[in-house]
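Colleague: Here is a sequence together with a model predicted from it:
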2 protein chains.
Amino acid sequence: MSDIITITAPVNIAVIKYWGKRDEELILPLNDSVSATLDTNVMCAKTSVCARPDINENEIWLNKIKESFNNKRLQNCLNEIKRIARVQKSVDEEFLSWNVRIYSENNFPTAAGLASSAAGYACLVTALAILYKIKTDISTLARLGSGSACRSVYGGFVRWHAGVKPDGSDSIASQIANSLHWPDMRVIILVVADTKKHTSSSKGMQCSVATSELLQYRVLHSVPKRVDDICTAIQKRDFAKFAEITMKDSNQFHAVCLDTYPPCVYMRDISHSIVEVIHRYNEICGEVKVAYTFDAGPNACLYLLEKDVPEIISLIKQVFPTSNPEFIKGLSTQESQDRDFLNQFPIKPFEKDLLKYLIYTKVGDGLQEITDGSHLLDINGQPVG
Amino acid sequence: MSDIITITAPVNIAVIKYWGKRDEELILPLNDSVSATLDTNVMCAKTSVCARPDINENEIWLNKIKESFNNKRLQNCLNEIKRIARVQKSVDEEFLSWNVRIYSENNFPTAAGLASSAAGYACLVTALAILYKIKTDISTLARLGSGSACRSVYGGFVRWHAGVKPDGSDSIASQIANSLHWPDMRVIILVVADTKKHTSSSKGMQCSVATSELLQYRVLHSVPKRVDDICTAIQKRDFAKFAEITMKDSNQFHAVCLDTYPPCVYMRDISHSIVEVIHRYNEICGEVKVAYTFDAGPNACLYLLEKDVPEIISLIKQVFPTSNPEFIKGLSTQESQDRDFLNQFPIKPFEKDLLKYLIYTKVGDGLQEITDGSHLLDINGQPVG
């Protein structure tokens, strides 16, 4: 039997969105995308893998529940890693014949729609690459599991290059700046109370590629300039520019979803109310202090600087009142003492509990191997606990 | 004193949307638009005007309330009509020196956000053109009041040509087909319960022109082809094609609004729920039987054929239950007897009273002069009643 390999990987939140594939099989995107990687101390996926001669089939557990291994993307990842191992002769044929056991969990609710598959696949392929001792670009492997997973390989700010080659060998992620580059950048995720089923992003983007007339314009004209501009803004730590591009790109991504036929609608009334609050706040401040961005779901992700966190958290709690005593999760923070500012804010409180909770976090490092022995599988290859 | 002139004018609902001006002053649009004119028996504006030597200033009443005449668009309309009257010498200088009194009302709630200004301005300029005995293109005058008002001049299906001339002389409306051409075309307006203030369409489109990268693509590429295609669909009475283009153009218009910075959001959760119900209904039917379209507000306008009205009204009442005993307004209709179909519809009822009421109407004629003496001003120029 093999050693147990355990990896933690971060969630990433795109500021230039990935929407639309040029190759469905290889998961090659139509456009470059850019994201920030979030602190694994607050949100992460953790995966343990092992290979053993004494198990009859490949097995996987996600968040304590055994799932079917008969999942095309999962199989693609494992097959590609084994293929490389054969080419590189990094392990022997006997080892390659053994089945694997995979145990993965998130330290945050998957139901919240917080891009858990990116962190999960980044963990999985890294653990397997180490297990099979292969040398390759991990981001390329992660991409085969879930496109945006390739961006969870690195910390800080990351760019996923669409690439142009048909085999996808140039569709890789690279780091724009590490997690120490912009130390006061903070992220607040607003998890909304919403039970509506949304179209999966995989199906949604397929439908956009097939039907949206505006998508091509976005891919060819809007995104290339935005990617250049936001990379520059990140290098220069120009928050106002970074924030404006982030908001515009989120809006345009959802515009393309709406231009899809039938339309894909991910934002809800509550999401648009958050947008309105942020624009009004920036307007009152006379400068852009907070940016919103929305993935393929109704939750908002806010980017802001550490100095503005207390005021924004107080404002959010005022405008979206909560009955949840544990409303604020993640890093510890204070609330604002400036009652005058809050009292004069022109948007009246909405009804209670439109938000379930918020997660306060920051930009963090990429994936890491866990070497302290805290594996999710025991030495018999059984799930721990 | 002059005779009293009274006009009724219809509401029109665009199927190819007008969004964005190439000239703010002359109200010249960036793209052609297409609409159907709705039956004035169900919804109309009615306006009486007179000119008198014995009134000290121009006066206007809208829906029984006296409003300020100090309104740029209103003044533009009156000034332009008087200018033409001078050029054409259609009335004498003394008549031109008299002040006017205008009384206008709608037979439907203006608060419902049902494009009442189009009907109102179409009435107003027509009444004034008759008052001052001028000969000119009425649609051009109406356009000066409210862009889409030019389409309310004609009945049936109407195209507003964007034109290319800087003076706007070729930016006129023309009839594609009259109200008898497609006699079974019906319209259902779903008025949603919503109190949110939305950005005015005038401000919204100005902001889109200034900030939306996708608007130019829409104007240059999407709309020209759609206008051609929908004119052909109207000529051929091809409902499925007409409906598909209508839905796609509504979605794209709202996509452009969302791509605006800050975004303009007119549709609400309830609007998107209506969209979902219509797509699911068409899917189950195996053909496109109903189209939705949304203007700069949350209300839905459905286009469908008369034969499908009972089923759709029953479906709407089932999915969006109401406690309003007078839920159905407008033309009389029956409800569907096919309980099996309704019972099997896969979308469960939403909470009660998300819709206030629906208006059932049809395509109708353009504006008309009222000659039976039922004016809104009496012979002393005083508001009636």
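Modeller: Structure's in. What do you need?
Colleague: Next to chain B, which bits of the stretch 251-385 of chain A? Give me the list.
Modeller: Within reach of chain B by Cβ under 8 Å from any Cβ of the partner chain, the stretch 251-385 of chain A has these residues: A:251-252, A:254-256, A:258-263, A:265, A:268-269, A:272, A:275-276, A:279. For the C-beta atoms, the positions are set from N, CA and C on the backbone; glycine is no exception.
Colleague: what's the burial count for the closest residue in space to residue A:14 that isn't next to it in sequence?
Modeller: Nearest non-adjacent residue to residue A:14, counting by Cβ to Cβ, 6 or more residues apart in numbering or on different chains: residue A:35, 4.3 Å away. Around residue A:35 there are 28 other residues, counting by other Cβ atoms under 10 Å in any protein chain shown.
Colleague: Name every strand pairing with the strand or helix carrying residue A:35 and say which way it goes.
Modeller: Using DSSP states H and E, residue A:35 sits within strand A:33-37. Here strand A:33-37 is paired, per DSSP bridges, with strand A:12-16 (antiparallel), strand A:157-160 (antiparallel).
Colleague: ok, and for it, which residues are buried?
Modeller: Residues of strand A:33-37 classed as buried by neighbour count (16 or more other Cβ atoms under 10 Å in any protein chain shown): A:33, A:34, A:35, A:36, A:37.
Colleague: Looking at the stretch 101-250 of chain A, which residue is nearest chain B?
Modeller: Nearest residue of the stretch 101-250 of chain A to chain B: residue A:217, at 4.2 Å (Cβ to the nearest Cβ).
Colleague: quick one: that residue is in a helix?
Modeller: Yes. Residue A:217: assigned to a helix according to DSSP: H, G, I helix; E, B strand; the rest coil.
Colleague: residues contacting residue A:35?
Modeller: If you count contacts by Cβ atoms under 8 Å, 6 or more residues apart in numbering or on different chains, residue A:35 has them with A:12, A:13, A:14, A:15, A:16, A:148, A:151, A:157, A:158, A:160.
Colleague: again, 10 Å this time
Modeller: Taking Cβ atoms under 10 Å, 6 or more residues apart in numbering or on different chains, we find residue A:35 in contact with A:11-18, A:115, A:118, A:148, A:150-152, A:154, A:156-160, A:173, A:176, A:293.
Colleague: and of the buried residues of strand A:33-37, the nearest to residue B:320?
Modeller: Closest approach to residue B:320 among the buried residues of strand A:33-37 (Cβ to Cβ): residue A:33, at 38.4 Å.
Colleague: Where does the prediction get shaky in the stretch 201-350 of chain A?
Modeller: Applying pLDDT under 70 to the stretch 201-350 of chain A flags no residue at all.
Colleague: now the helices for it?
Modeller: Assigned helices in the stretch 201-350 of chain A, in chain order: A:201-211, A:213-217, A:223-236, A:239-258, A:269-285, A:309-319, A:339-344 (criterion: DSSP state H, counting those that start in this stretch).
Colleague: Residue A:23 is nearest to which of these?
Modeller: Among these, the nearest to residue A:23 by Cβ to Cβ is helix A:201-211 (11.0 Å).
Colleague: touching chain B at all, that closest one?
Modeller: Yes. Residues of helix A:201-211 contacting chain B under Cβ under 10 Å from any Cβ of the partner chain: residue A:211.
Colleague: Run the angle between that helix and helix A:239-258 for me.
Modeller: For helix A:201-211 against helix A:239-258, the angle by axes from the mean of the first three to the mean of the last three Cα atoms, to 10 degrees is 70 degrees.
Colleague: which other helices and strands contact helix A:201-211?
Modeller: Applying 3 or more Cβ pairs under 10 Å, 6 or more residues apart in numbering or on different chains; DSSP states H and E, one finds that helix A:201-211 contacts strand A:21-23, helix A:213-217, helix A:239-258.
Colleague: From what I see, residue A:168 and residue A:24 are in contact.
Modeller: No. The criterion here is Cβ atoms under 10 Å, and residue A:168 misses it with residue A:24 at 11.6 Å.
Colleague: of these two, who's got more company?
Modeller: residue A:168 (20 against 11).
Colleague: Just confirm the more buried one is within a strand.
Modeller: No. Counting by three-state DSSP, residue A:168 falls outside a strand, being coil.
Colleague: Contact partners for the nearest residue to it once chain neighbours are set aside?
Modeller: Using Cβ to Cβ, 6+ apart and skipping the chain neighbours, the partner closest in space to residue A:168 is residue A:26 (4.2 Å). Contact analysis of residue A:26 by Cβ under 10 Å, 6+ apart lists A:76, A:140, A:143, A:144, A:147, A:163, A:165, A:166, A:167, A:168, A:169, A:171.
Colleague: So residue A:21 versus chain B, what's the distance?
Modeller: Residue A:21 sits 20 Å away from chain B, going by Cβ to the nearest Cβ, to the nearest Å.
Colleague: And the pLDDT at that residue?
Modeller: As predicted, residue A:21 sits at a pLDDT of 97.
Colleague: what are the bridge partners for it, then?
Modeller: Taking DSSP bridges as the rule, residue A:21 bridges to residue A:29.
Colleague: Am I right that it is in contact with residue A:205?
Modeller: Yes. Using Cβ under 10 Å, residue A:21 makes contact with residue A:205 at a distance of 6.4 Å.
Colleague: which neighbours do the two share?
Modeller: A:29, A:30, A:147.
Colleague: Which parts of chain A belong to which domain?
Modeller: Residue ranges for the domains of chain A, per automatic domain parsing: A:5-178+A:365-369, A:185-362.
Colleague: which one of the buried residues of strand A:33-37 is nearest residue A:288?
Modeller: After measuring the buried residues of strand A:33-37 against residue A:288 - Cβ to Cβ - the closest member comes out as residue A:36, at 16.7 Å.
Colleague: isn't the closest one right up against residue A:155?
Modeller: Yes. Taking Cβ under 10 Å as the contact criterion, residue A:36 and residue A:155 are neighbours in contact, 9.3 Å apart.
Colleague: who touches both of these two?
Modeller: With contacts taken as Cβ under 10 Å, 6+ apart, residue A:36 and residue A:155 have A:10, A:12, A:177, A:179, A:363, A:364 as neighbours in common.
Colleague: before we move on, back to that, for the helices of the stretch 201-350 of chain A, which one ends up most surrounded?
Modeller: helix A:239-258 (a mean of 25; mean count of other Cβ atoms under 10 Å in any protein chain shown).
Colleague: what's the angle between that helix and helix A:269-285?
Modeller: Going by the same axes, to 10 degrees, helix A:239-258 makes 150 degrees with helix A:269-285.
Colleague: Off-centre distance for helix A:239-258?
Modeller: Distance, stretch centre to chain centre, for helix A:239-258: 16 Å (Cα atoms, centre = their mean, to the nearest Å).
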